[in-house]
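Predicted coordinates and the sequence they were generated for:
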Amino acid sequence: MRNQTYLRHALESIGTCKLLIICLLLIPLGLCAQSSTSAGPSISRQGFLTRTTIYGPGDHNSKNYRIPAIVTAGDGSLVVATDKRKYNDIDLPEDIDILVNRSNDGGRTWSKPYTLAEGTGVGHGFGDCALVRTNEEGGLIAVFVGGVGFWQSRPDNPLRTYLCRSRDNGRTWSKPKDITHFILGPDCVIPEHRSWWSSFFASGAGLRTSSGRLMFVAAVREDSLWMACNYVFYSDDDGETWQCSQKASPKGDEAKVVELSDGRILMSIRAEGHRLYNISEDGGVTWSDTTSVWPELEAPACNGDIIRCTAPNGRMLLLHSLPYGKERKDVSIFVSFDEGKTWPVRRTIVPYPSAYSSLCQLPDGTIGLYVEEAFNDGVNYSMVFYNFSLEWLLGEERHKSYEPTTPYYTQARQYFINQDYATAYKYLEKELAEHPKNGYAWFYKGWLDMYHKDALLESLHAFNQAVKRITRKDKVFLSTAYSGRGVANRTAGDLKAAYADYTKALKLYPNPQDYINRGEWYYSLGKYTEAGDDFFAALKLDSNNMDAWYSVGKYYYGIKDYGKCLEWLADCITRYPDYSDYYLLRALCYRNMHDYDHVAKNVVQALSIDDNSKAVTMLRELADSAYHQTITELEARHLDDPNNTGWIYYIAAVHEIEGEYGKALLMYKKLYDMDEKGSRSKSAAAERIAACWWQLGDNDNAIRFLEEAIALEEDKDEKAKISSELEYVREHSRDYQKNEELESIRKAFFGEN
């Protein structure tokens, strides 16, 4: 939790910044904004739900990044691993770190880097990470190599293989554990492998089979020759020990495996010109004597990924990501409908220089691709995440486009997608000056007026123009225009008009977000049955929509079925544990059940995620109804993070509300001592200290710290307010009753013996 600015009065609501969050409404159009700040290539992004640049050359003081790996964790979050090649783009034995990032929103935003393994110089780096989900709840495994490079490795000094484990869906990881002795080297458990020269697991996605077996393919140099072959290393105890298969390919490099519907294991092998493949009939232990060629998978020698997934119609598919052609460019997705026998569909994702890639399927059924691409100069790679639907990939959702292609509108739309809203607005104004009947331009202007310009009346006018002028044939876009006007009407307080707009949007194009929007309108009126109908309708359209799951939980709260509400919230938190509103609704359930221990736990958990104003309000209530439970929870957090000013403030404020002014004083003093002179927060802490001294009847110290607050405060209005407080204290001095308790507080506060 980030540090908070101390509030002027105990537990007042915290102001929040208004954010432009309209992606859920734009997803049906394939227009979800990029998280990348750069404009990116001028190619069509229609169909991509998300395109996010996670790393670019120079980020975090690293010249280069390479080697993508991605996995979908058990809670639905996405986890990626990347080589941070600090000084150049060369493989080991260079100085390389491995970084991990997580996303809880389908790849639109990503966490700060987590260093999985830190290189400390040439010959002491790490790289080529592969990820797999284990059988343990929340479990993930990362395997990678370190030390001497693949071609520099020798039997007596081999390239080392390491394993890190996460038990919390990739938030934290164990320290690297050396598992080289399962593979090769002087201490290898398989004597025949002690003479091997080198080995590494292919980076990207590992495999967990239906039986729970974990599996990676290794490229192995059995001798001093400059060529490799493939073996599978597998574990039946969730990665504690590893066994080796028979040789799978006498000539091969980075390779990946996927389980077919009948339990056989299919291996795709890197080769020059076309991919090779082999099949195991016994779970990866033995392999066919010969490998075969896939004629459709024309590709350079390059790493790719292969996964099994389910199409919306229930059809089983294999997806393979590879550069297409003879060079490392045009990374594409190949689709097989017959268990890898043929690959009749290919769709290019990155139509310019691009190389390694890794695939996953998200809980909502869409596909995630983490890929190296070099649009800017064709050399230095950026690490980019793409998210797209299978319908788009298979060409089953190609609606006719009715949007105009006028130059100003085209540029405005692109700048909007790239989140350069100021420039987008300028081009929209130019477009509407020339083409005032362009309803699509009015649509985008409506959003920007509402959020970028904070001009609600102009926004309503723009959306009115949009719904009048967008062709009735374009039901999807027109539906979204009505939905946008509904949001504007709701913001303006015209809930009846908002309801009408959401209903019109749903008639044109039934979608989860507008069912949720309309359900919220019903909910605000106490019409819980109607609200529940809409919330369940949203869930039926998208069973993985967490807003719908949360809304169903709210429905049960509204009808006072708190047990059911808690069940739905438990599922929400399991999938997405970093949303404070889930914990707040759970706290409300427990409050109505008079279980204040759990109320306190959930409110404090919400505050650990963000400065949620509703949580702050509930904390004020808890100070009266569950003081001891609340302080216990807050102090536990403070003990874990003693320098976090937020926890110190909350403890002080709860003590103050309860009337424990001595305890509050000592906590406020911590804040006062931690902040630099002249800071606004130091002035606020001094003001609260003065309030506590005055409540205790020590007028001299109350006046002293109010004067200190005035001296520290730079804002004229705040200074005037504190001055009026000082005048009031001087005119209304409280009786000072010297007693042992007060003297003890004073001595503790001033550090006197």
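The structure has been received and is ready for your questions.

what residues are up against the residue nearest to Lys326 when sequence neighbours are not counted?
When the adjacent residues along the chain are set aside, Lys326 lies closest to Pro300, with 5.8 Å between them (Cβ to Cβ, 6 or more residues apart in numbering). Glycine gets a C-beta too; all of them are placed from N, C-alpha and C. Pro300 makes contact with Glu272, Gly273, Pro323, Gly325, Lys326, Glu327, Arg328, according to Cβ atoms under 8 Å, 6 or more residues apart in numbering.

again, but for Ala537
Residues near Ala537 by Cβ under 8 Å, 6+ apart: Pro510, Tyr515.

can we see that at 7 Å?
Tyr515 (Cβ atoms under 7 Å, 6 or more residues apart in numbering).

isn't there a helix covering it?
Yes - when the secondary structure is assigned by DSSP: H, G, I helix; E, B strand; the rest coil, Ala537 falls within a helix.

Just confirm Ile367 contacts Phe388, I think it does.
Yes - between Ile367 and Phe388 there is a contact at 5.8 Å, judged by Cβ atoms under 7 Å.

Mind picking the two most distant members of the contacts of Pro300?
Gly273 and Arg328 (13.5 Å; Cβ to Cβ).

These two - which one has more neighbours?
Neighbour totals were compared for Gly273 and Arg328, and Arg328 leads with 20 against 12 (other Cβ atoms under 10 Å).

re the thing from before, return the member of the contacts of Pro300 nearest to Ala500.
Proximity of the contacts of Pro300 to Ala500 (Cβ to Cβ) peaks at Pro323, which lies at 50.9 Å.

what about the closest one, distance to Gly185?
For Pro323, the distance to Gly185 equals 34 Å [Cβ to Cβ, to the nearest Å].

Please apply the same query to Ser625.
When Cβ to Cβ is the yardstick, Ser625 and Gly185 sit 63 Å from each other.

show me where the stretch 151-300 of the chain has strands.
Under the criterion DSSP state E, counting those that start in this stretch, the stretch 151-300 of the chain contains strands at 160-166, 177-178, 198-201, 204-205, 207-208, 214-221, 229-235, 243-244, 255-259, 265-269, 273-280, 292-299.

all helices of the stretch 601-750 of the chain, in order?
Ranges of helices within the stretch 601-750 of the chain are 613-625, 627-640, 645-658, 661-674, 680-696, 699-712, 716-731, 740-750, based on DSSP state H, counting those that start in this stretch.

May I ask which helix or strand encompasses Leu99?
If you go by DSSP states H and E, Leu99 is part of strand 96-103.

Name the surrounding residues that touch that strand.
With Cβ under 7 Å, 6+ apart as the contact definition, strand 96-103 has outside contacts at 54, 77-86, 109-111, 113-119, 125-127, 129, 144, 170-171, 173.

change it to 6 Å
Residues outside strand 96-103 that contact it (Cβ atoms under 6 Å, 6 or more residues apart in numbering): 77-85, 110-111, 113-119, 125-127, 129, 144, 170.

So which of the residues you listed sit within strands?
Secondary structure defined by DSSP state E assigns 78-85, 114-117, 126-127, 129, 144 of the contacts of strand 96-103 to strands.

Using ChimeraX, define a selection of the buried residues within those residues.
A single ChimeraX command is used to select the members of these judged buried by 16 or more other Cβ atoms under 10 Å:
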select :78,79,80,81,82,83,84,85,114,116,117,126,127,129,144
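
now, which of the ones in strands among the contacts of strand 96-103 sits nearest Asp611?
Distances from Asp611 to the ones in strands among the contacts of strand 96-103, taken as Cβ to Cβ, are shortest for Tyr114 (23.4 Å).

hmm, back to that, can you give the strand pairings for the strand holding Leu99, parallel or anti for each?
Paired strands of strand 96-103, with direction, are strand 78-85 (antiparallel), strand 114-117 (antiparallel) (DSSP bridges).

re earlier: distance of the residue nearest to Lys326 relative to Ile90?
According to Cβ to Cβ, Pro300 and Ile90 sit 19 Å apart.

could the strands paired with strand 96-103 go into CSV alongside distance to Ser382?
Formatted as CSV, the entries for those read as follows, by distance: least, Cβ to Cβ, whole Å:
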stretch, distance to Ser382
strand 78-85, 11
strand 114-117, 20
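
Indicate which one of those strands is closest to Phe535.
Using Cβ to Cβ as the measure, strand 78-85 is the one of those that comes nearest Phe535, at 26.0 Å.

can you list contacts of that closest one?
Here strand 78-85 makes contact (Cβ under 6 Å, 6+ apart) with 62, 64-67, 69-71, 73, 96-103, 107, 127, 129, 131, 142, 170, 370, 383.

So, low pLDDT: which residues of the protein?
Flagging of the chain using pLDDT under 70 yields the residue ranges 1-47, 312-314, 375-378, 396-401, 543-544, 675-680, 735-738, 752-753.

the more surrounded of Pro323 and Gly185?
Ranked by neighbour count (other Cβ under 10 Å), Pro323 and Gly185 place Pro323 first, with 27 against 22.

List phi and psi for that one.
With angles defined as degrees, to the nearest 10, Pro323 sits at phi -60, psi 150.

for Gly486, same thing?
phi -60, psi -40.

neighbours around it, how many?
Using other Cβ under 10 Å, the number of residues around Gly486 comes to 27.

Could you do the one 4 residues further on as well?
Applying the criterion other Cβ under 10 Å, we find 19 residues in the vicinity of Arg490.

can you list the domains in the chain?
17-44+401-509, 47-394, 659-753 (automatic domain parsing).

Specify the stretch among those that is closest to Ala615.
Distances from Ala615 to each of those were compared by Cβ to Cβ, and the smallest falls on domain 17-44+401-509, at 17.0 Å.

Show me how far the closest one is from its chain's centre.
For domain 17-44+401-509, the distance from its own C-alpha centre to the chain's C-alpha centre is 25 Å (Cα atoms, centre = their mean, to the nearest Å).
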